[in-house]
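K.L.:
Kindly generate the corresponding structure for this input.
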Amino acid sequence: MPSMMADNTRDCDDADPGTNTLATEVCDGLDNDCDGQVDEEMSCGSLKKVVDPVLAGGNWRTVAVHPSGYPVWVAGLGGRLAVKMDATSAFVSHGGDTATRCGPAGNLLDWHAAWISPNNSYVLIAGEDGHIGEHNGGSCSSFQFDLPGKNDYFSSVVGVGSPAQVFAVSTLGQLYEWTGAALRHDSPGRYWGLHAFGQNALYAVGSTGELSPLTPVVNLYTRSIPWGTPAVHNLQGTAGYNGGLRAVWAADATLIYAVGDGGLVVKGSGQSRDWERVLPQAGPVLNYVSVAAPPGTMNAYVIGNEGNAGRLQRLTPHGWAKAPAFTPSAPNVPLRDIAMTSSSNFWIVGDDGNVYHFPEP
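P.N.:
Numbering: from 1, shown residues only. Here you go, the predicted model:
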């Protein structure tokens with residue numbers, strides 16, 4: 001038999017070894033036991049749009065979830081910011097003209113990234129003109145980094161260590177660290193995604209240069225340098241590719257995913273600078289914008305857009321696997337970000353008020 005194959009018919013997803021006729025059904029939006037039904041007898045809900053007036057009309061760009069499941073923060077263009085503190089509460093707005101919004105008076109900033117501190121549940125939001133805000137659910141304090149580019153903005157933000165040291169990357173290829181003073185580390189090109197790797201490392205992804213043709217890049221920053229010159233990784237199988245990487249996620253020390261334009265997916269390990277390309281699924285080419293892996297798993301959930309229509313795909317170490325389906329159907333608007341605490345709890349945000357949750361009653 002070929003590798004990873006068996007001479008029986010108990011499997012209904014070749015890329016997911018946990019899916020077979022002997023498996024136990026769990027709440028994850030998938031047909032675990034291959035009986036043609038999803039989450040039967042689980043009463044856990046489905047992946048569908050959250051109906052809440054606070055979310056309506058927002059062009060949401062980012063979502064962040066506390067490791068415990070709540071609070072959930074969403075942020076987007078025009079200063080939109082909202083939080084859901086627990087499973088039974090509604091979303092509360094901290095954007096627009098509310099007294100608890102972030103940013104300077106009279107300026108509704110575009111927010112592009114968010115990260116929740118696991119220690120105090122405060123959210124860090126980052127975006128337009130180098131602004132970063134910290135919101136505790138009742139009030140917001142904000143500060144502004146001096147970005148060199150007129151249209152530059154923070155595209156990703158994360159905290160490392162405890163107490164957290166804040167890092168952000170800009171669309172002009174800088175890594176910023178906040179240690180009571182702003183420190184800037186420059187690199188050529190653009191950065192779009194950032195993810196912490198343990199307590200001592202950061203992966204930043206984007207593209208070299210600012211004009212087409214673009215070459216995708218994965219850079220590793222470490223505390224031992226300290227946080228200065230990045231280690232550039234070798235992306236095998238991307239010769240002749242024109243585009244950039246948009247997001248990165250370290251599932252664990254042995255498997256890190258990065259996704260980007262034109263269906264580009266690369267994966268690597270914390271032990272090597274040589275990464276390999278993952279060929280896209282058959283069908284329309286998606287522009288990938290976000291990736292997340294549930295804690296304790298090696299599976300990546302990837303958000304992409306086919307034109308103006310958002311899609312959710314799932315990648316395991318064995319290939320592209322079946323993904324949870326939207327109910328009643330996939331949204332016909334661009335999707336922007338995904339955040340997960342487990343394969344049984346995740347959030348997706350997009351344009352025109354579209355916020356999705358699994359499982360939603």
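K.L.:
For the helix or strand bottoming out on mean pLDDT in the chain, buried residues please.
P.N.:
Between all helices and strands in the chain, the lowest mean by mean pLDDT, DSSP states H and E belongs to strand 182-186, at a mean of 86. Of the residues in strand 182-186, His185 count as buried by neighbour count, 16 or more other CB atoms under 10 Å. For every residue, glycine as well, the C-beta is placed using N, CA and C.
K.L.:
For the chain, give me the ranges with low pLDDT.
P.N.:
Counting by pLDDT under 70, the chain has low-confidence residues at 3-6, 8-9, 180-181.
K.L.:
ok, now with 80
P.N.:
1-10, 105-106, 149-150, 179-182, 210-211 (pLDDT under 80).
K.L.:
Count the residues that sit near the closest residue to Ser141 other than its chain neighbours.
P.N.:
Of all residues not flanking Ser141 in the chain, Glu134 sits nearest, at 5.4 Å (CB to CB, 6 or more residues apart in numbering). Residues lying near Glu134 (other CB atoms under 10 Å) number 17.
K.L.:
With Arg277 instead?
P.N.:
Considering only other CB under 10 Å, Arg277 is surrounded by 16 other residues.
K.L.:
Now do the same contact list for it.
P.N.:
By CB atoms under 8 Å, 6 or more residues apart in numbering, the contact set of Arg277 is Leu235, Gln236, Gly237, Thr238, Leu264, Val265, Val266.
K.L.:
ok, now with 7 Å
P.N.:
The contact partners of Arg277, by CB atoms under 7 Å, 6 or more residues apart in numbering, come to Leu235, Gln236, Gly237, Thr238, Val266.
K.L.:
Distance of it relative to Tyr257?
P.N.:
12 Å (CB to CB, to the nearest Å).
K.L.:
same question, Gly130
P.N.:
Taking CB to CB, one finds Gly130 at 28 Å from Tyr257.
K.L.:
who's more crowded, these two?
P.N.:
A count of neighbours by other CB under 10 Å puts Tyr257 above the other of Gly130 and Tyr257, at 27 against 21.
K.L.:
so that one touches Tyr301, yeah?
P.N.:
No. Between Tyr257 and Tyr301 there is no contact under CB atoms under 7 Å: 9.8 Å.
K.L.:
hang on, the earlier thing: need the next SSE after the least confident helix or strand of the chain, C-terminal direction.
P.N.:
Next along the chain after strand 182-186, taking DSSP states H and E as the criterion, comes strand 190-197.
K.L.:
Can you show me the helices along the stretch 1-150 of the chain?
P.N.:
When assigned using DSSP state H, counting those that start in this stretch, the stretch 1-150 of the chain turns out to have no helices.
K.L.:
returning to what we had before: pretty sure the residue nearest to Ser141 contacts Tyr122?
P.N.:
Yes. Using CB under 7 Å, Glu134 is in contact with Tyr122, at 5.5 Å.
K.L.:
quick revisit: parallel or antiparallel, list what pairs with the least confident helix or strand of the chain.
P.N.:
Sheet pairing for strand 182-186, assigned by DSSP bridges, gives strand 174-178 (antiparallel).
K.L.:
Next, the angle from the partner strand to strand 190-197.
P.N.:
Put simply, strand 174-178 runs at 50 degrees to strand 190-197, going by axes from the mean of the first three to the mean of the last three CA atoms, to 10 degrees.
K.L.:
Let's test this: what are the backbone torsions at Gly307?
P.N.:
The phi/psi pair for Gly307 (degrees, to the nearest 10) reads phi 70, psi -120.
K.L.:
Burial check on it, number of neighbours?
P.N.:
10.
K.L.:
next one: Ile132
P.N.:
For Ile132, using other CB under 10 Å, the count is 24.
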